[in-house]
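[1] Have a look at this prediction, sequence included:
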Amino acid sequence: MATQAITFLNQKGIHFEVIEYEHKEKGAVFAAEAMGLPLERTIKTLVVDLGRKRYIIVLMPGDKNVDLKSLARAYSVQRAAMADTSTAERLTGYLVGGISPFGTKQNLPVVMEAGLLKFDKVAINAGERGVMLIMDPKDILLAVNGDVLGIPQN
C-alpha cells in the first residue's frame, strides 16, 4: 500500500506505522473504533476556507470541533468556513474521508491543535479511506512545516 501521503513521508525519511481497517463510513469516530484507538488521538484533517481563495488544513483531535470564529480571528479574516467537499478534494487530491495533510495537490498551510502534542503517537489519514498512519504529532508538524495553534474548540 503506497498512497501519495506515504510516498511523501518516505521521501522525507519520517517514521510511521500503517494501519488498515474496513472503511464503512467517514469520520474520526468510526476510524477510531475500527482501529481500537482513543478518539482524542485520532486526527480529523479539515480543509478550511479563509476567503479570497485562501485555504488551510486544520488538524483537530477526533473528539473536538474547531471553533471557526476563533480561527478566523487567529488568521485576521472576516470568516472561516469548512471548504465544501469538491473544493477540499480538488485542493488536496484526496477523497473526503481519506484526506491527508501529506503530499497534497496544492501546498496548503497546516495548523495543528496544540492539545495533540501531549500524545506520543496519534493516528492520521494516509490519503486513502481505510488507511491510517500512526506517528508522533511532532513528526507531522515537521513533515508539513506546520504551525501549532491553541485552537478554541466548541
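    Cool, got the structure.
[2] ok, and for the worst-scoring helix or strand of the chain on mean pLDDT, which residues are buried?
    The helix or strand of the chain with the poorest confidence is helix 28-35; it has a mean of 86 (mean pLDDT, DSSP states H and E). Within helix 28-35, the residues that qualify as buried are 28, 30-32, 34-35, counting by 16 or more other CB atoms under 10 Å. Where C-beta positions appear, they are placed from N, C-alpha and C, glycine not excepted.
[3] Sort out which one of those lies nearest Phe16 for me.
    Ranked by distance to Phe16 (CB to CB), the buried residues of helix 28-35 are led by Met35 at 13.9 Å.
[4] which residues sit in contact with that closest one?
    Going by CB atoms under 8 Å, 6 or more residues apart in numbering, Met35 touches 19, 21, 42, 123, 132.
[5] Could you figure out how far the helix or strand hosting the last one is turned away from helix 28-35?
    The one in question is Met132. Following DSSP states H and E, one finds Met132 within strand 131-135. Inter-element angle recorded for strand 131-135 and helix 28-35: 80 degrees (by axes from the mean of the first three to the mean of the last three CA atoms, to 10 degrees).
[6] So what touches strand 131-135?
    1, 3, 5-6, 9, 14-21, 31, 35, 42, 98, 100, 121-126.
[7] Could you look up the next helix or strand downstream of that strand?
    helix 137-144.
[8] I'd like to know which elements that following helix is packed against.
    helix 4-12, strand 110-113, strand 122-128 (3 or more CB pairs under 8 Å, 6 or more residues apart in numbering; DSSP states H and E).
[9] who touches it?
    In contact with helix 137-144 (CB under 8 Å, 6+ apart) are residues 8-9, 12, 14-16, 43, 57, 59, 101-102, 110, 112, 116-117, 119, 122, 124, 146-148.
[10] List the buried residues in that helix.
    Quick answer for helix 137-144 (16+ other CB under 10 Å): 137, 139-141, 143-144.
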